[in-house]
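Chemist: Model the following, please.
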Amino acid sequence: MNGKTSKLIRRRAKELQLEWINSLMPEGETITEKKLDEALPPDKYYMSQGTLYLSFMNYKWIEKKLKKDINLKLENLITSNA
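Modeler: Numbers count the residues shown, from 1 in each chain. Below is the predicted model of the structure:
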């Protein structure tokens, strides 16, 4: 993957994380990019039956999904996990 594509994926991953966390917030409250790390859970991985998995909507998890399809929308990401 070249530098332009990886830069686009990183930028898009942050946008999707912000969109997702703001969809969970009550009306009138929003999370900015500066406060995003404080709003997300600290655990990046979880263990299930002896296997380590990436947590849902973690930055790295979103990047992994975007590498397969750069044009993913938030709705597609949420339903792909179900």
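
Chemist: so how far is the helix ranked longest in the chain off the chain centroid?
Modeler: Counting by DSSP state H, the longest helix found in the chain is helix 3-24. From the chain centre to the centre of helix 3-24 is a distance of 7 Å (C-alpha atoms, centre = their mean, to the nearest Å).

Chemist: now it: mean pLDDT?
Modeler: For helix 3-24, mean pLDDT rounds to 93.

Chemist: contacts for it?
Modeler: 1, 30-31, 33, 36, 39-40, 57, 59, 62-63, 66-67, 70, 72, 74, 77-78 (C-beta atoms under 8 Å, 6 or more residues apart in numbering). From N, CA and C alone the C-beta is placed, and that goes for glycine too.

Chemist: just the buried members of those residues?
Modeler: The neighbour-count criterion (16 or more other C-beta atoms under 10 Å) marks 31, 40, 57, 59, 62-63, 66, 77 among the contacts of helix 3-24 as buried.

Chemist: Now for those: which two are most distant?
Modeler: For those, the farthest-apart pair by C-beta to C-beta is 31 and 66; their separation is 20.3 Å.

Chemist: Mind listing what's buried along the strand or helix carrying residue 52?
Modeler: Secondary-structure assignment from DSSP states H and E places residue 52 in strand 51-54. For strand 51-54, a neighbour-count test (16+ other C-beta under 10 Å) marks residue 54 as buried.

Chemist: can you check stretch 75-82 too?
Modeler: For stretch 75-82, by 16+ other C-beta under 10 Å, it's residue 77.
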